[in-house]
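*Asks:* Compute the structure for the input listed below.
(chains A and B)
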Amino acid sequence: GDSEISVPNSTMASLYVGDLHHEVTEAMLYEKFSPAGPILSIRVCRDAVTHRSLGYAYVNFQHLADAERVMTDMNLYIIKGKPVRLMWSQRDPSLRKSGIGNVFVKNLEKSINNKSLYDAFSSFGNILSCKVITDDNGSKGYGFVHFEHRESAERAIQKMNGILLNDLKIFVGHFKSRKDRESELGAQTREFTNVYIKNFGEDMDEDRLSKIFEKFGPTLSVKVMRDDCGRSKGFGFVNFQKHEDAQNAIDNMNGKELNGRQIYAGRAQKKLERQTQLQRHFEQLKQNRIVRYQGVNLYIKNLDDDIDDENLRKEFSSFGTITSAKVMMNNGRSKGFGFVCFSAPEEATTAVTEMNGRLVAMGLWVALAQQKKGTKPIPNQMPFEDGRVQAIHLGPPGRSFLDF
DNA sequence: CATGAGCGC
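*Replies:* Here you go, the predicted model:
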């Protein structure tokens, strides 16, 4: 019947108070809000185990009119240095999570806070929630204004996008979830038009580059990057009108010879994308090294200064096939350690066993390395992260890997 | 440059 779906009046006077400083108590909230009218109850929500504040509370007023007044007069009121974010208690999370009416704002000048953002956007409709994102250094320069109705959001975007706020031109657009943004970025990437070309040397200008690439289709721009003296830096960009032409240009030109050099042509990337890609690439190489050298690479420490690659190789050559022997150098001087890599793990193991005997006979000292990353070294063992498994310490007692 | 988090007795 009707009684089952009707909303009790008491919920209408229930306010959600968010973004609370963790030390804010019921008593403090009572002190701030009770002047507005009689309060039925206040509850700061806390973790059941630790009893730490979850950073939000409910303030239940006896009269709806009082709650409404608090809502307009005391939103973003600062308690313990933080503006509290008032919302009507709304147990159904669907509206909050739908994202409808939620607006994203960026390029906000540092002094713009929750309140000034609210004031800048309040004329477009009822705001459910408004917030500038901050860290220890203050504003991070972007925020959110969540309107009750999508029409308000549309109006706000229409009127506010691109306007100056404290001399900064702000961007205002529909909020997009992380997932949405990522798939959008993926689509952009798939439909790229800008081609990056490198390794064409100094003898290049826009006209020449244009001649070479215009046969793949009409371009929007052609650019050769130059240093301060105006010399070509050996790379540049050709932006096509159509993605298919850009792709075609890459397929045909990548690896081609130009000015006697092999040029590279590929999708132009933003700096950040390039950086993260390089980082991933580097990490992959490292992983490969770990696998490749697992069990075959020896680490040798405390080498005499005059030991070179050849000495090292000779010393270990009787144990198997050496794929590399390297004394690490620092501007012409030995760093006192190096690596010997065998073609098979059995050879490496033999080398350690045999050298162990020999070195002990010489009054020296041998240790096995530890393979696991993140574990504490135990005496006479050495932690490695790149697949080196054996360590042989040559040198007087008293020095150990801990000196290294 | 930037695309949250948030609902109880």
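*Asks:* Could you tell me which residues of the stretch 51-200 of chain A lie near DNA strand B?
*Replies:* By Cβ under 7 Å from any atom of the strand, the part of the stretch 51-200 of chain A that sits against DNA strand B consists of A:55-56, A:58, A:60, A:87-91, A:93, A:96-97, A:99, A:102, A:104, A:106-108, A:128-131, A:133, A:140-142, A:144-146, A:171, A:173-178, A:181. Quick note: C-beta positions are derived from backbone N, CA and C, even for glycine.
*Asks:* in the stretch 251-400 of chain A, which ranges drop under the pLDDT threshold?
*Replies:* Residue ranges of the stretch 251-400 of chain A with pLDDT under 70: A:276-277, A:280-281, A:283-284, A:286-292, A:294, A:356-400.
*Asks:* quick one, helices of it?
*Replies:* A:271-293, A:309-316, A:345-361 (DSSP state H, counting those that start in this stretch).
*Asks:* And the contacts of the second one?
*Replies:* So that's helix A:309-316. A:298, A:300, A:303, A:322, A:325-327, A:338, A:340, A:342, A:351, A:355 (Cβ atoms under 8 Å, 6 or more residues apart in numbering).
*Asks:* quick one: what helix or strand has residue A:20 in it?
*Replies:* Under DSSP states H and E, no helix or strand contains residue A:20.
*Asks:* Quick check on the closest residue to it other than its chain neighbours: phi, psi?
*Replies:* Counting by Cβ to Cβ, 6 or more residues apart in numbering, residue A:55 is the residue found nearest to residue A:20 once chain neighbours are left out, at 4.9 Å. Here is the backbone geometry of residue A:55 (degrees, to the nearest 10): phi 90, psi 10.
*Asks:* Thought residue A:16 was touching residue A:55, still the case?
*Replies:* No. Taking contacts as Cβ atoms under 8 Å, residue A:55 lies outside contact range of residue A:16: 11.4 Å.
*Asks:* pLDDT weak spots in the stretch 1-150 of chain A?
*Replies:* Looking at the stretch 1-150 of chain A by pLDDT under 70, you get A:1-12.
*Asks:* Do you have the strands of it handy? List them.
*Replies:* Here the stretch 1-150 of chain A has its strands, by DSSP state E, counting those that start in this stretch, at A:14-18, A:39-46, A:53-61, A:78-79, A:82-83, A:85-88, A:102-106, A:127-135, A:138-147.
*Asks:* right, quick check: the first one against DNA strand B, any contact?
*Replies:* Yes. In terms of Cβ under 7 Å from any atom of the strand, part of strand A:14-18 sits within range of DNA strand B, namely A:14, A:16, A:18.
*Asks:* count of residues packed around the residue in the stretch 201-350 of chain A positioned nearest to DNA strand B?
*Replies:* Taking Cβ to the nearest atom of the strand as the measure, the stretch 201-350 of chain A has residue A:272 as its residue closest to DNA strand B, at 7.6 Å. Using other Cβ atoms under 10 Å, residue A:272 is surrounded by 8 other residues.
*Asks:* Before I go, just wanted to say thanks for your time.
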